[in-house]
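Undergrad: predicted model and sequence below, questions to follow.
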Amino acid sequence: MRLVLFQPDIPQNTGTLLRLAACLGVGVDVIEPCGFVLDDRRMRRAGMDYLDQVDFVRHASWDAYWAAPASGRLVLLTTKATMRHIDFDFASFDRIMVGQESGGVPDEVATLCDARLRIPMQPGLRSINVALAASIVMGEALRQTRGFSE
């Protein structure tokens, strides 16, 4: 299982997601450009000393990511989805993608995804922080696929 970050805007969220991935044993793909300079110093601030434990791949663009060999379904987390993440049957090779904190992913990217999921929330609320949303869904995906290491 992999976590895919589409052009992240906020370095602290990216560092948090890299730390999450290290702790859960999942790989991470970062699709650039980022809304910040993606460097070791900025990532270490949020990711601490966990970053050396992450299977981390940078992709120069969406086109570069899309052209790279990959296995499994691409599953997008989006507030625009109708299917709830708790109603989805995850597979161990799924790639769970989150969009930019400021605007998600473009429609042309969303339409290429194999599935689009949302987290059920209280009426009238817009969204959950991208790092929290990814952790909620990754936890459910790993639970379903028995992907936790302990």
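TA: Nice, thanks for sending it over.
Undergrad: now stretch 68-77, how far from the centre of its chain.
TA: In terms of Cα atoms, centre = their mean, to the nearest Å, the centre of stretch 68-77 is found 11 Å from the chain centre.
Undergrad: contacts for it next, please.
TA: 1-2, 4, 59, 85, 88, 90-99, 105, 109-110, 112-119, 133-134, 137 (Cβ atoms under 8 Å, 6 or more residues apart in numbering). C-beta here means a position set from N, CA and C on the backbone, and glycine is covered the same way.
Undergrad: so which of those residues sit within strands?
TA: Among these, DSSP state E puts 2, 4, 59, 95-98, 115-118 in strands.
Undergrad: among those residues, which ones are buried?
TA: Among the ones in strands among the contacts of stretch 68-77, those scoring as buried are 2, 4, 59, 95-98, 115-118 (criterion: 16 or more other Cβ atoms under 10 Å).
Undergrad: make a markdown table out of these and add pLDDT and distance to G25.
TA: Shown next, in a markdown table, are these (pLDDT from 0 to 100; distance: Cβ to Cβ, whole Å):
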| residue | pLDDT | distance to G25 |
| --- | --- | --- |
| R2 | 97 | 11 |
| V4 | 98 | 16 |
| H59 | 96 | 21 |
| R95 | 98 | 15 |
| I96 | 98 | 14 |
| M97 | 98 | 18 |
| V98 | 98 | 18 |
| A115 | 98 | 22 |
| R116 | 98 | 25 |
| L117 | 98 | 21 |
| R118 | 96 | 25 |
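Undergrad: sorry, back to before: just flag the most distant two among the ones in strands among the contacts of stretch 68-77.
TA: H59 and R118 (24.9 Å; Cβ to Cβ).
Undergrad: remind me, longest helix of the chain?
TA: Assignment by DSSP state H gives helix 130-145 as the longest helix of the chain.
Undergrad: check what contacts that one and list those residues.
TA: Under Cβ under 8 Å, 6+ apart, the answer for helix 130-145 is 1, 3, 8, 10, 13, 16-17, 20, 24, 26, 77, 85-86, 89-92, 94, 96, 98-99, 101, 117, 119, 127-128, 147-148.
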